[in-house]
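Visitor: would you be able to build a 3D model of this:
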Amino acid sequence: MLRAHMCVSVLCRLSDKFVLRWIDRKIGCVQPAVGQVRWKTCRPAPFLTAKPNRALIDEPITLEGRHLPPHSPITVRARMHNEDGDLWEAFSHYNTDGRGVVNLTRDESVGGSYVGCEPMGLFWALQPAPGEREGLRLRKKNVETPYSVQLSLLEGHIPVPSSHGSNKEQRQRGEQELAAVTVERWYMAPGVRRTEIRQNGVVGTLFLPPGPGPFPAMVDLWGMGGGLIEYRSALFASRGFASLSLAYFGHKDIPGPLNTINVGDAYFKTALQFLQDHPQVCGDRMGVMGLSFGVYLALRIATQIDFNPRCVIGVNGPIGSFNKFLDRDGMTESFEGNQTHWSYDEEGYVSFREVTTPNNIPPENKANVENLCCPLLYIVGEDDLSCAAIENADEIEKKIKDAGRSHLFTRLSYPGAGHLIEPPYTPNARASMWTTQPKQLITLWGGHLAPHAAAQEDAWKRTLEFMERHLRGKEDK
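Guide: Numbering: from 1, shown residues only. Here you go, the predicted structure:
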């Protein structure tokens with residue numbers, strides 16, 4: 001009797017232990033799922049990794065999802081908000097391999113915002129979500145903060161949201177998020193110093209790399225959008241070059257009407273002298289870069305001012321100005337004053353391409369590029385709808401060649417790329433809002449997502465190599 005009682009007692013204890021172990025295993029299989037708890041199998045939960053998860057904007061990252069169902073459709077989604085709160089997103093469709101793995105560096109997207117093996121496609125394919133404002137362009141205003149991008153794994157192949165209908169309606173598709181990770185994309189590396197410049201009438205922002213220097217330097221000029229754009233200069237400093245982002249138009253700290261250039265050659269000479277005199281800058285190792293109208297200014301600085309840059313880089317810009325400088329140290333006519341060569345597409349979007357055709361630029365308003373004494377890298381987007389970049393490149397090249405200096409000219413030309421060739425892995429805006437008087441218009445920039453992205457990646461690499469060679473004296477390896 002006692003033996004039987006003991007056997008029953010032992011069996012009860014063993015049974016209790018078995019039940020506890022069974023419960024413990026089941027608890028280990030409980031997984032969070034979009035705000036609730038659900039039961040899953042004991043297979044490890046899906047997870048998504050991004051390496052590195054904190055990087056400069058021009059650095060590629062590796063994305064990989066694991067522990068997914070084998071040979072199954074998966075969507076990888078990117079979402080972020082710009083500094084004004086607008087939602088941007090991109091989608092890519094993949095099929096997992098036999099191990100339940102998807103790797104964006106290796107695998108091909110079969111649909112979504114892009115197709116093919118594009119490791120950084122989720123970044124350069126970002127577009128405003130349905131229901132967001134019209135005419136958006138992604139531009140970083142505060143370079144001391146990153147873009148935060150949320151990357152998610154979703155079950156199935158989720159259709160790319162249509163531009164029609166509200167954003168809220170399209171969020172009710174039953175998307176099942178399996179895993180997520182957030183990455184930070186920076187323009188400023190740790191240790192880069194940013195200083196606002198308001199000195200002797202000069203308006204700009206100086207970026208210095210970490211360390212004591214002195215550093216080779218760039219003067220960074222943008223186009224007729226005006227204001228003070230800092231993100232390219234911040235990235236130059238992150239790559240070891242001091243850079244002065246210089247305002248010259250449409251800025252509250254520059255006196256005069258916002259729709260005219262109220263500075264002349266004296267302003268640029270003062271800015272150059274400031275940079276040359278800076279104790280952390282190599283005054284004899286300076287270059288100039290311009291985008292759009294900034295190209296004309298860069299060429300003018302290099303050929304018509306008492307300044308000898310080591311190199312000039314131009315992106316989709318004209319050889320001259322349709323609106324003349326009233327004098328060398330004065331102002332231009334109003335940019336909106338003469339709309340003779342403006343053209344419009346069927347949607348009413350404006351193109352300034354014909355404004356910059358060399359035949360439409362008065363000869364006296366053209367830079368004297370035949371006097372150029374330093375290497376010039378000219379970058380062309382062949383689908384540029386804002387500037388006649390090909391025609392301007394042809395004229396610049398001919399004048400330099402006729403002067404016996406063809407060795408100074410290098411052209412990079414990219415089919416399918418538009419006007420706004422910027423640092424890599426950033427999305428292109430084929431058209432965006434442009435403020436003119438008395439109303440706002442959407443202007444055409446051109447460019448198709450995939451070829452434009454490829455152009456930005458290659459052009460940025462070649463730009464940094466060009467700067468290394470001519471500002472630091474390093475040859476390509």
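Visitor: now the chain, which segments are flagged as low pLDDT?
Guide: Applying pLDDT under 70 to the chain flags residues 1-42, 163-174, 324-338, 435-439, 474-477.
Visitor: how is it divided into domains?
Guide: Domain ranges of the chain: 47-186, 193-471, per automatic domain parsing.
Visitor: CSV please, covering those and showing mean neighbour count.
Guide: All C-beta atoms are positioned from the backbone trio N, CA, C, and that covers glycine. Formatted as CSV, these follow (neighbours: other CB atoms under 10 Å):
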stretch, mean neighbour count
domain 47-186, 17
domain 193-471, 20
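Visitor: where does residue 50 sit: helix, strand or coil?
Guide: The local conformation at residue 50, judged by DSSP: H, G, I helix; E, B strand; the rest coil, is strand.
Visitor: residues touching it, list them.
Guide: Applying CB atoms under 8 Å, 6 or more residues apart in numbering to residue 50 gives the contacts 61, 62, 63, 151, 181, 183.
Visitor: so which of these is the closest to residue 203?
Guide: In terms of CB to CB, no member of the contacts of residue 50 lies closer to residue 203 than residue 183, at 33.7 Å.
Visitor: can you tell me which of the contacts of residue 50 is closest to residue 347?
Guide: Of all those, residue 347 sits closest to residue 151, with 32.8 Å by CB to CB.
Visitor: what helix or strand is the closest one on?
Guide: For residue 151, the element it lies in under DSSP states H and E is strand 147-155.
Visitor: quick one: contacts of that strand?
Guide: Against strand 147-155 from outside (CB under 8 Å, 6+ apart): 46, 48, 50, 57, 63, 65, 68, 73-80, 102, 122-123, 140, 175-186.
Visitor: and what about the closest residue to residue 198 other than its chain neighbours, helix, strand or coil?
Guide: Leaving aside its chain neighbours, residue 198 sits nearest to residue 253 (6.3 Å; criterion: CB to CB, 6 or more residues apart in numbering). For residue 253, the assignment made with three-state DSSP gives coil.
Visitor: tell me how far residue 346 lies from residue 130.
Guide: Using CB to CB, to the nearest Å, we find residue 346 at a distance of 22 Å from residue 130.
Visitor: actually, residue 352.
Guide: Distance from residue 352 to residue 130, by CB to CB: 29 Å.
Visitor: now do the contacts for residue 458.
Guide: By CB under 8 Å, 6+ apart, residue 458 lies in contact with 412, 414.
Visitor: did I read that right, it in a helix?
Guide: Yes: counting by three-state DSSP, residue 458 falls inside a helix.
Visitor: still on that earlier bit, off-centre distance for the strand holding residue 151?
Guide: Relative to the centre of its chain, strand 147-155 is centred 18 Å away, using CA atoms, centre = their mean, to the nearest Å.
Visitor: quick check: neighbours of it in the sheet, parallel or antiparallel?
Guide: Strand partners for strand 147-155, identified by DSSP bridges, are recorded as strand 73-81 (antiparallel), strand 177-186 (antiparallel).
Visitor: who touches the first one?
Guide: Translated: strand 73-81. Residues outside strand 73-81 that contact it (CB under 8 Å, 6+ apart): 48, 63, 65, 68, 87-96, 102, 104, 112, 122-123, 126, 147-158, 178.
Visitor: quick check: next helix or strand after it?
Guide: For strand 73-81, the succeeding helix or strand toward the C-terminus, using DSSP H and E, is strand 87-95.
Visitor: listing partners with orientation, what would you give for that following strand?
Guide: Pairing partners of strand 87-95, with direction, according to DSSP bridges: strand 73-81 (antiparallel), strand 111-112 (antiparallel), strand 127-128 (antiparallel).
Visitor: centre-most residue in the protein?
Guide: By CA atoms, centre = their mean, the chain has its centre lying nearest to residue 426, at 3.2 Å.
Visitor: so that one sits right up against residue 123, yeah?
Guide: Yes: using CB atoms under 8 Å, residue 426 makes contact with residue 123 at a distance of 7.3 Å.
Visitor: re earlier: including distance to residue 257, could the strands paired with strand 147-155 go into TSV?
Guide: Formatted as TSV, these follow (distance: least, CB to CB, whole Å):
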stretch	distance to residue 257
strand 73-81	34
strand 177-186	36
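Visitor: which of these sits closest to residue 201?
Guide: Comparing the strands paired with strand 147-155 by CB to CB, strand 177-186 comes nearest, at 31.6 Å.
Visitor: distance between that closest one and the chain's centre?
Guide: For strand 177-186, the distance to the chain centre is 18 Å (CA atoms, centre = their mean).
Visitor: after that strand, which helix or strand is next?
Guide: Scanning forward in sequence from strand 177-186 by DSSP H and E, the next helix or strand is strand 193-199.
Visitor: packing partners of that next one?
Guide: Here strand 193-199 touches strand 202-208, going by 3 or more CB pairs under 8 Å, 6 or more residues apart in numbering; DSSP states H and E.
Visitor: just the C-alpha atoms of the strand it packs on, please, in PDB.
Guide: What follows is strand 202-208 as a C-alpha-only set of coordinates in PDB (Å, rounded to 0.1, in the frame of the first residue of the first chain):
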ATOM      1  CA  VAL A 202      29.100  86.800 -47.000                       C
ATOM      2  CA  VAL A 203      26.200  84.400 -46.200                       C
ATOM      3  CA  GLY A 204      27.100  80.700 -46.000                       C
ATOM      4  CA  THR A 205      27.800  77.700 -43.800                       C
ATOM      5  CA  LEU A 206      31.300  76.200 -43.400                       C
ATOM      6  CA  PHE A 207      31.800  72.500 -42.700                       C
ATOM      7  CA  LEU A 208      35.200  71.200 -41.500                       C
END
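Visitor: what packs against it?
Guide: The contact analysis (3+ CB pairs under 8 Å, 6+ apart) places strand 202-208 against strand 193-199, helix 231-238, strand 242-246, helix 265-277.
Visitor: mind checking which of these is nearest residue 455?
Guide: Within those, the stretch nearest residue 455 is helix 231-238; the backing value is 15.6 Å (CB to CB).
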